[in-house]
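K.L.:
got a predicted structure here, sequence first:
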Amino acid sequence: MASGEAASTAKAKYQQIADDLASQIRSGVLPPGAAIPSEAELMERYGVASGTVRKAVAELRTTQLIETHHGRGSFVRSRPPVQRKSSDRFRRAHRLAGKAAYLAEAEQSGGKPSVNVLFVGPVDAPAEIAERLNVPVGSKVLARKRRYFRDGTPTEEATSYLPWDVVKDIPETFAENPGGGGIYARLEEHGHTLAEFVETVRARLATKAETAALALSPGSPVIHLVRDAITDAGRVVEVCDTIMAADQFVLDYRFAARD
């Protein structure tokens, strides 16, 4: 068999496996939360090599029918991804209601959100962060690192960096729980009225550390989002560096058409 023909046959085989499993998921034979048969089981059932099975499972992850947890296996998705609406998530109304953006989004998607605070304290500003904050590299800034969960599954890890001269007189920003509405509410209470947010978004493969932190499969994609919070005076008062499990989120942006 020619190499091209062999490759075509292999593709047809993994697609068949993916289609069979997708049909079982959609028909309810494999209900939400059910474990997908193991790699060994699928190899035996279809008479294929491990690489073919992995491609089939990857296909199901791509179509968001399943989710894979490092060390546990693959499972039928029990919930849709969180839809992050850029035009809605930072509404002042959420802050006034005492809800930070992530908690409001996760609740709207039907999940149970939770947050682990990993670190709060002074650090030297890394080069990219210093540039965004318009401070010298190595300047002291406040870092707040958190890991977010939905229904017990880690979905993103974020580190906020805030200028020291802004936060030194806002004691709540040094607490693990800064209070209802999060740090944006505290900033506004102290006169730093937020006017706009600027986000830089790119997709890439997870690093080894990110794979472990978010319980991802090796080679999983992540969304790397960096956001500037800008006041009505034009100052960047926070830079948030966020890594998100790509299969857990849909980013929805709305912006005006301009001349």
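P.N.:
Thanks, I have it. Keep in mind that this is a model prediction, so the values were computed, not measured.
K.L.:
ok, G234 to L162 distance?
P.N.:
16 Å (CB to CB, to the nearest Å). Every C-beta, even on glycine, is put in place using the N, C-alpha and C of the backbone.
K.L.:
the two: which has the busier surroundings?
P.N.:
L162 (24 against 8; other CB atoms under 10 Å).
K.L.:
buried residues in the host helix or strand of G51?
P.N.:
Using DSSP states H and E, G51 sits within helix 50-62. Of all the residues in helix 50-62, those buried under the rule 16 or more other CB atoms under 10 Å are 52-53, 55-61.
K.L.:
of the residues you listed, closest to E238?
P.N.:
Nearest to E238 among the buried residues of helix 50-62: R61, at 32.7 Å, using CB to CB.
K.L.:
which ones are touching that closest one?
P.N.:
Applying CB atoms under 8 Å, 6 or more residues apart in numbering, we find R61 in contact with 67-68, 74, 217, 247.
K.L.:
farthest-apart pair in the residues you listed, please.
P.N.:
S74 and D247, at 11.4 Å, using CB to CB across the contacts of R61.
K.L.:
about what we covered before: okay, now the sheet partners of the helix or strand following the helix holding G51, with direction.
P.N.:
Once the chain leaves helix 50-62, the next helix or strand it forms, by DSSP H and E, is strand 66-69. Using DSSP bridges, strand 66-69 pairs in its sheet with strand 73-76 (antiparallel).
K.L.:
in the partner strand, which residues are buried?
P.N.:
Quick answer for strand 73-76 (16+ other CB under 10 Å): 74-76.
K.L.:
stretch 234-252 now?
P.N.:
Under 16+ other CB under 10 Å, the buried positions of stretch 234-252 are 236-249, 251.
K.L.:
before we move on, what about stretch 111-118?
P.N.:
111, 113, 115.
K.L.:
for this structure, which segments count as strands?
P.N.:
Along the chain, the segments classed as strands by DSSP state E run 66-69, 73-76, 82-85, 113-124, 140-150, 153-163, 194-205, 221-231, 236-245, 249-252.
K.L.:
lowest mean pLDDT across the ones you listed, which one is that?
P.N.:
Looking at these, the lowest mean pLDDT belongs to strand 82-85 (a mean of 67).
K.L.:
the buried residues of stretch 234-252: which two are farthest apart?
P.N.:
V237 and D247 (31.8 Å).
K.L.:
which neighbours do S74 and D247 have in common?
P.N.:
Here S74 and D247 have 61, 67 as joint contacts, going by CB under 8 Å, 6+ apart.
K.L.:
rewinding a little: turn the strands of the chain into JSON lines, columns for distance to E188.
P.N.:
Formatted as JSON lines, those follow (distance: least, CB to CB, whole Å):
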{"stretch": "strand 66-69", "distance to E188": "36"}
{"stretch": "strand 73-76", "distance to E188": "41"}
{"stretch": "strand 82-85", "distance to E188": "21"}
{"stretch": "strand 113-124", "distance to E188": "20"}
{"stretch": "strand 140-150", "distance to E188": "17"}
{"stretch": "strand 153-163", "distance to E188": "13"}
{"stretch": "strand 194-205", "distance to E188": "6"}
{"stretch": "strand 221-231", "distance to E188": "9"}
{"stretch": "strand 236-245", "distance to E188": "10"}
{"stretch": "strand 249-252", "distance to E188": "24"}
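K.L.:
out of these, which comes closest to I25?
P.N.:
strand 73-76 (5.4 Å).
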